[in-house]
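Engineer: build me a model:
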Amino acid sequence: INTKAITVVADAKTKDFGAADPALTYVGSSLEGSDAYSGSLSRAVGETVGTHSITQGSVTAGSNYSISYTPANLTVNGIISTLTTTDAGSIAEFSADLGGNISSNGGSAVTERGVVYSLTSANTAPTIGGTGVTKDTNVSGLNTFTESISSLTSNTGYSFRSYAINAAGTAYGTVKTFTT
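Structural biologist: The predicted structure is shown next:
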């Protein structure tokens, strides 16, 4: 008795960096009678942003079938960084230290980080390119960073927050305020 040739075609899947893997699914040829597929697909190990091969794993239809397998990829998408804005420090008449802490790069290298700030009276939620906003850039990377900001106006309220840029976009920390 010859084995019956069948096909199993993996479905392409996507997920965001750090999320649980989706169910790896496939479409298979019709089987005879009450025969059924068993087992599961698998994928190459890794969480790096990019593509990871979905392999046949343990999928089988039994010894009466010969499977021709067509692979697909699991694409891991980068996400924006996760960061917090730290409290203003060393507040003086014309200066303050502002910064943040990047706890995750979202699967893509942080290419720029820093703080954005503005007079609270002009903009209570500063973003890059926003009205009255000044951007102060720090070196790229993870963890805590601080920027010494000078040339501020005495006895004035400011709003600020940290930011980080990676391939997925720009992330902002929570807005904080201080008065010189």
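Engineer: what's the weakest-modelled helix or strand in this structure?
Structural biologist: Of all the helices and strands that make up the chain, strand 134-138 has the lowest average by mean pLDDT, DSSP states H and E, namely a mean of 75.
Engineer: just the CA trace of that one, in PDB.
Structural biologist: The C-alpha coordinates for strand 134-138 follow below in PDB (Å, rounded to 0.1, in the frame of the first residue of the first chain):
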ATOM      1  CA  THR A 134      12.200  72.800  23.500                       C
ATOM      2  CA  LYS A 135      13.900  69.400  22.900                       C
ATOM      3  CA  ASP A 136      17.000  68.500  24.700                       C
ATOM      4  CA  THR A 137      18.600  65.300  23.300                       C
ATOM      5  CA  ASN A 138      20.600  62.800  25.400                       C
END
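Engineer: number the residues from 24 up from this point.
Structural biologist: Shifting the count to begin at 24 puts that one at strand 157-161.
Engineer: just checking, what packs against it?
Structural biologist: Strand 157-161 makes packing contacts with strand 135-142, strand 166-172 when contacts are defined by 3 or more Cβ pairs under 8 Å, 6 or more residues apart in numbering; DSSP states H and E. The C-beta positions use only the backbone N, C-alpha and C, and glycine is treated the same way.
Engineer: show me where pLDDT drops low in this protein?
Structural biologist: Across the chain, the stretches falling below the confidence threshold (pLDDT under 70) are 161-164.
Engineer: show me where it has helices.
Structural biologist: Ranges of helices in the chain, per DSSP state H: none exist.
Engineer: so residue 52 sits right up against residue 60, yeah?
Structural biologist: No: the pair residue 52 / residue 60 is not scored as a contact, 9.7 Å apart, by Cβ atoms under 8 Å.
Engineer: spit out the residues that contact the two alike.
Structural biologist: Listed as contacting both residue 52 and residue 60 by Cβ atoms under 8 Å, 6 or more residues apart in numbering are residue 31.
Engineer: quick one: contacts for the most centrally placed residue in the chain?
Structural biologist: The structure's the chain has its C-alpha centroid closest to residue 102; by Cα atoms, centre = their mean the separation is 1.9 Å. Residue 102 makes contact with 39-41, 129-130, 191 under the criterion Cβ under 8 Å, 6+ apart.
Engineer: make it 6 Å
Structural biologist: Contacts of residue 102 were listed using Cβ atoms under 6 Å, 6 or more residues apart in numbering, and they are 39-40, 129, 191.
Engineer: quick one: the nearest residue in space to it that is not next to it in sequence from residue 99, how far?
Structural biologist: Taking Cβ to Cβ, 6 or more residues apart in numbering, and ignoring the residues beside it in sequence, residue 102 has residue 129 as its nearest neighbour in space, at 4.1 Å. If you measure residue 129 against residue 99 using Cβ to Cβ, to the nearest Å, the figure is 11 Å.
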